[in-house]
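Student: No letters, just coordinates:
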C-alpha cells in the first residue's frame, strides 16, 4: 500500500534509496500525486513484464505528503 510506504518515508532519513520493485512502483504512484520527490529508474519491458532498471532515490516528502500521512495515520 503506498500510504504505508509514505508513513515510513516521513520518519526515514532522506535521501533514501529503494531497490525493491514493489516499493519503486509505490514511489511512482506517490510521486505522480506530488506526495514525494523522487528520482525513479527507467522501466524496461521484457518477456511481457515491466521492471524498473535500477533503484529509486526518494529526496523528500512534500508538505502535501506530510499532511496526507498525518490525516491517514
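Tutor: Okay, I see it. In this text, all values refer to a predicted model and were calculated from it rather than measured experimentally.

Student: what sits against residue 59?
Tutor: Residue 59 sits next to 14-15, 36-39 when contact means CB atoms under 8 Å, 6 or more residues apart in numbering. C-betas here are computed from N, CA, C, even on glycine.

Student: Columns neighbour count on top of these, output as CSV?
Tutor: Shown next, in CSV, are these (neighbours: other CB atoms under 10 Å):
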residue, neighbour count
14, 14
15, 12
36, 25
37, 16
38, 21
39, 14
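
Student: Could you tell me which residues within stretch 21-30 count as buried?
Tutor: Residues of stretch 21-30 classed as buried by neighbour count (16 or more other CB atoms under 10 Å): 23-27, 30.

Student: Sort out for me which of the contacts of residue 59 are in helices.
Tutor: With helices taken from DSSP state H, there is no overlap with the contacts of residue 59.

Student: and which of those is nearest to residue 6?
Tutor: residue 36 (7.2 Å; CB to CB).

Student: ok, now which ones touch the closest residue to the closest one other than its chain neighbours?
Tutor: Distances taken as CB to CB, 6 or more residues apart in numbering place residue 30 nearest to residue 36, at 4.6 Å, with adjacent residues excluded. Contact analysis of residue 30 by CB under 8 Å, 6+ apart lists 2, 5-6, 9, 36, 38, 65.

Student: rewinding a little: which of the contacts of residue 59 fall in strands?
Tutor: 36-39 (DSSP state E).

Student: Including pLDDT and distance to residue 51, could these go into TSV?
Tutor: Formatted as TSV, the ones in strands among the contacts of residue 59 follow (pLDDT from 0 to 100; distance: CB to CB, whole Å):
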residue	pLDDT	distance to residue 51
36	98	21
37	98	23
38	98	17
39	98	17
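
Student: Tell me the residue in the protein that is farthest from the middle.
Tutor: The centre of the chain is farthest from one residue, residue 47, which by CA atoms, centre = their mean lies 24.8 Å away.
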